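A.B. asks: what follows is a predicted protein model with its sequence.
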Amino acid sequence: MLKRIYGIALFVMALALAGVVPAFAVPELRAAPPHPDTLVLWVMDQDINTGTALQKLMRKYTQRSGVPVKIRFLDWGAAFAELNKVLATEAGSGTDYPDVLQLGSTWVPYFAKAGLISPLTEMLDAVDTSRFYPEMMKASHIGRDTVVYSIPWFLDVRGFFANERVWLELGLHDSEIETYPQFFGVLRAIAEAKVQNRAGGLVVPFEFGVKDDWTGYQQMSPFLWNFGGDFVAETDSGYRSALADSSTLVGLRYYLKLLHDKDVSPHNLHENSSSAADRFVRSEQLLIFGTPELIRKIEFDSDNGGLKESPIAKDGLISVSAPGGPVGNFTFVGGSHLVLPKNGNRSKRKLANDLFLFMVRADNIDYYSRQSGFIPPDASLIRIWMQDPRYNHLITGLEQNGRSCQNIPEWSEIEMMVNSMVSSIARNIAQGDTDVHETTARLVLQTHEKINRLFGLKDADRAAVRNRIKNALMQPVEEKKYDKGLSYVSDAPKFSPRLIVVVSLGAVAIILLLIFMIRFRKR
């Protein structure tokens, strides 16, 4: 038998050397053609962990349906322009055209008005929109229109977080920062106390990080809302800029105080919000205006995009109440929605609908939210998350005073205008502008006029509006002195109540043992 095998092998080798290919030669290797029903999902690039979570979720879908899903991650900064271009074209066979797509909540009305995403009317019974947080469902419509174009995927709720160890060692309480004057006074006291972290480094009280940052309008929103102002106001005939309204200017004045104050926020004008978040993670900053991603990230190691080994993970993170104003204490709510492109591949529309419904199922929303750290938009899931005390302030604020931006097509442009205004104001302050109030008033006026032009409006008396803005911004901002007093943060390790109990019980046991031994010897 072996001789026969050797003989065949020698025969094949001889044919190969002679240039003759036998009938049973190894076939040419070619790439397998793509599955004809492969679905394409476009989402924004969040971080490593969210990408991994989404890939696992899509594998789960493929196992259930037999349909593969290709994921493309988009850069937030370039996504809006790219989507404008791509969604205006028809999907072709074999292209990377999205079948299901993630949009920022403030983008939905724009793409809906442009006719680039499909109404979801036929899917609403299967989705049950009543389970979603109402303020975020607002972004699914254009203004007061009732047609639904999207379904919320996750909530991006902004609130105040504190370094738990430093906060507790300083003996601070939420009640001490309920108002803006109190808040400013506490920040001043922290700056004067020269608080240190475990490594002996200085802990700055607070930073927004406003240089060329895309979160400017998010930072500013609660300030305006809490004083009764806004960026845009609805009228009987449409919308207009509210940026020059007296209530808006009061809120803006309080917001600008934090930008001007180099003692409280020394890096505000020179760094962006990402840098501020990094400083907070290094335990070099006490408070941050951030998103709930931080809570989840400290539970994951660095290989999964987490912060488990970071100083903030060791010190702990807590949410604290944000300061409020005379009108209320509003919580900024943004987030992302899922949509179906109108010009998508019609032959795959039924499959795309199926993937869409799979992604907005409560269990899959909960899974993705728990991996990413974003709060789910499903009301039943929000109540479950409330059981985690780290989310208490965020969810309480969400349910009581959660507020999102205007759901109008023009908003995507307005937020870019406001962000540009904040960056320009910060640049002028950083460069030591000798008449910062005049320059700031000019920038606010220009932004106000740009917003009005979007709605076809124009102010009759431009000089009067500019003077009103300047006079409002020049008014003093109250700061209440914090009299409690603060001291350095100790480097000494802190003992938890559980450890104290264990040590105490151990000491009692040792004492009882010694008493027993003494009595035993006397016998």
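C.D. replies: Yep, that arrived. Numbers count the residues shown, from 1 in each chain.

A.B. asks: list the contacts of the closest residue to Phe330 other than its chain neighbours.
C.D. replies: Nearest residue to Phe330, sequence neighbours excluded (CB to CB, 6 or more residues apart in numbering): Trp225, at 4.1 Å. (Each C-beta comes from the backbone N, C-alpha and C, glycine too.) Going by CB atoms under 8 Å, 6 or more residues apart in numbering, Trp225 touches Gly251, Val327, Gly328, Phe330, Arg403.

A.B. asks: quick one: the helices in the stretch 1-150 of the chain?
C.D. replies: Under the criterion DSSP state H, counting those that start in this stretch, the stretch 1-150 of the chain contains helices at 2-17, 48-65, 76-86, 108-113, 124-127, 134-137.

A.B. asks: where exactly do the strands run in the stretch 51-200 of the chain?
C.D. replies: In the stretch 51-200 of the chain, the strands defined using DSSP state E, counting those that start in this stretch lie at 69-74, 100-104, 151-157, 159-163.

A.B. asks: surely Pro109 meets Ile414?
C.D. replies: No - contact criterion CB atoms under 8 Å: Pro109 and Ile414 do not qualify, at 11.4 Å.

A.B. asks: neighbour count: these two, which is higher?
C.D. replies: Pro109 (26 against 23; other CB atoms under 10 Å).

A.B. asks: please report how far the more buried one lies from Asp45.
C.D. replies: 23 Å (CB to CB, to the nearest Å).

A.B. asks: hmm, who's touching stretch 240-249?
C.D. replies: Applying CB under 8 Å, 6+ apart, the contact partners of stretch 240-249 are 224, 227-233, 252, 327, 444-445, 447-449, 451-452, 455, 457, 465, 468-469, 472-473.

A.B. asks: I should have written stretch 106-115 there, sorry.
C.D. replies: Stretch 106-115 is contacted from outside by 80, 83-84, 87-88, 103, 117, 139-143, 147, 149-150, 334, 337, 339, 342, 404-405, 407-412, 415, using CB under 8 Å, 6+ apart.

A.B. asks: buried among these? Need that as a selection in ChimeraX.
C.D. replies: This is how ChimeraX selects the buried members of the contacts of stretch 106-115, with burial counted by 16 or more other CB atoms under 10 Å:
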select :80,83,87,103,117,139,140,141,142,149,150,334,337,339,342,404,405,407,408,409,410,411,412,415
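
A.B. asks: quick check: phi and psi at Leu258.
C.D. replies: phi -70, psi -30 (degrees, to the nearest 10).

A.B. asks: was I right about it contacting Phe206?
C.D. replies: Yes - between Leu258 and Phe206 there is a contact under CB under 8 Å: 7.2 Å.

A.B. asks: need the overlap of contacts for the two.
C.D. replies: Val264, Ser265.

A.B. asks: next one, pLDDT for the closest residue to His141 other than its chain neighbours please.
C.D. replies: Using CB to CB, 6+ apart and skipping the chain neighbours, the partner closest in space to His141 is Asn407 (6.0 Å). With respect to pLDDT, Asn407 has a value of 96.

A.B. asks: do the same with Glu28
C.D. replies: 46.

A.B. asks: pLDDT score for the spatially closest residue to Leu486 that is not a sequence neighbour?
C.D. replies: Distances taken as CB to CB, 6+ apart place Ala193 nearest to Leu486, at 4.0 Å, with adjacent residues excluded. Note for Ala193: predicted pLDDT of 93.

A.B. asks: shaky segments in the stretch 101-250 of the chain?
C.D. replies: Of all residues in the stretch 101-250 of the chain, none has pLDDT under 70.

A.B. asks: check which helices and strands the longest strand along the chain sits against.
C.D. replies: Scanning the chain for the strand with the most residues, using DSSP state E, yields strand 331-339. Helices and strands touching strand 331-339, by 3 or more CB pairs under 8 Å, 6 or more residues apart in numbering; DSSP states H and E, are strand 100-104, helix 108-113, helix 134-137, strand 151-157, helix 216-226, helix 392-401, strand 402-403.

A.B. asks: ok and that strand relative to strand 100-104, angle-wise?
C.D. replies: 160 degrees (axes from the mean of the first three to the mean of the last three CA atoms, to 10 degrees).

A.B. asks: per-residue confidence averaged over strand 331-339?
C.D. replies: Here the average pLDDT along strand 331-339 is 96.

A.B. asks: tell me the strands beside it, with direction?
C.D. replies: strand 100-104 (antiparallel), strand 151-157 (antiparallel), strand 402-403 (parallel) (DSSP bridges).

A.B. asks: format those as CSV; extra columns: distance to Ala362.
C.D. replies: Putting these into CSV (distance: least, CB to CB, whole Å) gives the following:
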stretch, distance to Ala362
strand 100-104, 18
strand 151-157, 12
strand 402-403, 20
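
A.B. asks: looking at these, which is closest to Ile384?
C.D. replies: Of all these, strand 151-157 sits nearest to Ile384, with 14.0 Å by CB to CB.

A.B. asks: how far off centre is the closest one?
C.D. replies: Chain-centre distance of strand 151-157: 10 Å, with CA atoms, centre = their mean, to the nearest Å.
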